[in-house]
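Participant: need a structure here:
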Amino acid sequence: MEDDSLHDDVLSQLEDLRLTPQRPLIVSDADEVIFAFVRSLEGFLLDNGHFMDLQSFALRGNIRDAKTREAVSAEMVKSLLGDFFSERTEQIEPVDGAAEALAALSERAQILVLSNVPLDQISARRRALVKNGMDYPLIANIGRKGGAMAYLAERHEAPIFFLDDIPHNISSVAQKAEEVTRLHFIADHRLRDLLGAADDAHVRIDDWPGVRRYIEDSLSQQGY
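Facilitator: Numbers count the residues shown, from 1 in each chain. Below is the predicted model:
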């Protein structure tokens, strides 16, 4: 089971960051927040003899064999995900409005991408960010995100905003760095309908123009 501790490989990346503690910070997840992960994964699965049957907010149980139509094992899900990231990390399309909203927000805040992309795909994800107009620092996280956010919060003086689609990451941040403003964001409209707002989120917003307005208003109210 994943825990909230800070992995050594994540700590080393965080230590290399050069952030300004007095300037607001926006920390965004990548898959299903900046990048349309599920849509891209569906294409990969169809190309490889499988399909996705979205019945719950999880991959296990929802990936099926195209011939038997049976759900594949947890081991097969892990294998397919590994192959997907190896082959297509750089090709995943961005979520509508992400680049534009982050560009506008970057005039008032620092942007950091905190993604659980596999460590061996950091370079591919960096290239994807750059080619889609989102040339921001990237941290490849391992496990839940509370540890990384606690590290950042302890060293930061200005407001911090955190965006993620997965409730347990939001809860992890709430437990480890409660001062961080937590936004629950799910890009894929089908997944949105399967999951309510995360219990530990301050707000649920599923589009980037809405995120931009919320953060800008919050910064203005706090004098930034």
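
Participant: so which bits of stretch 27-46 are buried?
Facilitator: Buried residues in stretch 27-46, counted by 16 or more other CB atoms under 10 Å: 27-42, 44-45. Glycine gets a C-beta too; all of them are placed from N, C-alpha and C.

Participant: gap between that stretch and the chain center?
Facilitator: 9 Å (CA atoms, centre = their mean, to the nearest Å).

Participant: quote the end-to-end distance of that stretch.
Facilitator: In stretch 27-46, first residue to last residue: 32 Å (CA to CA, to the nearest Å).

Participant: same question for stretch 140-157.
Facilitator: So stretch 140-157: terminal residues 23 Å apart, CA to CA.

Participant: and Ile111, which helix or strand is it part of?
Facilitator: strand 110-115 (DSSP states H and E).

Participant: please identify the buried residues of the helix or strand bottoming out on mean pLDDT in the chain?
Facilitator: Scoring the helices and strands of the chain by mean pLDDT, DSSP states H and E places helix 189-194 at the bottom, with a mean of 87. Buried residues in helix 189-194, defined by neighbour count with 16+ other CB under 10 Å: Leu191, Arg192.

Participant: cool, stretch 157-177 as well?
Facilitator: Under 16+ other CB under 10 Å, the buried positions of stretch 157-177 are 158-167, 169-174, 176-177.

Participant: from the chain's centroid, how far away is stretch 162-171?
Facilitator: 8 Å.

Participant: who does the helix or strand encompassing Leu152 touch, helix- and strand-wise?
Facilitator: Assigned by DSSP H and E, Leu152 falls within helix 146-154. The contact analysis (3 or more CB pairs under 8 Å, 6 or more residues apart in numbering; DSSP states H and E) places helix 146-154 against helix 8-15, strand 25-28, strand 110-115, strand 160-164, helix 167-176.

Participant: can you dump the C-alpha atoms of that helix in PDB for me?
Facilitator: This file holds the C-alpha atoms of helix 146-154, laid out as PDB (Å, rounded to 0.1, in the frame of the first residue of the first chain):
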ATOM      1  CA  GLY A 146       1.700  14.500   0.700                       C
ATOM      2  CA  GLY A 147       5.400  14.100   1.400                       C
ATOM      3  CA  ALA A 148       6.500  16.100  -1.600                       C
ATOM      4  CA  MET A 149       3.900  18.900  -0.800                       C
ATOM      5  CA  ALA A 150       5.000  19.000   2.800                       C
ATOM      6  CA  TYR A 151       8.600  19.500   1.700                       C
ATOM      7  CA  LEU A 152       7.500  22.400  -0.500                       C
ATOM      8  CA  ALA A 153       5.200  23.900   2.100                       C
ATOM      9  CA  GLU A 154       7.800  23.900   4.800                       C
END
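
Participant: fine by me, we can end here.
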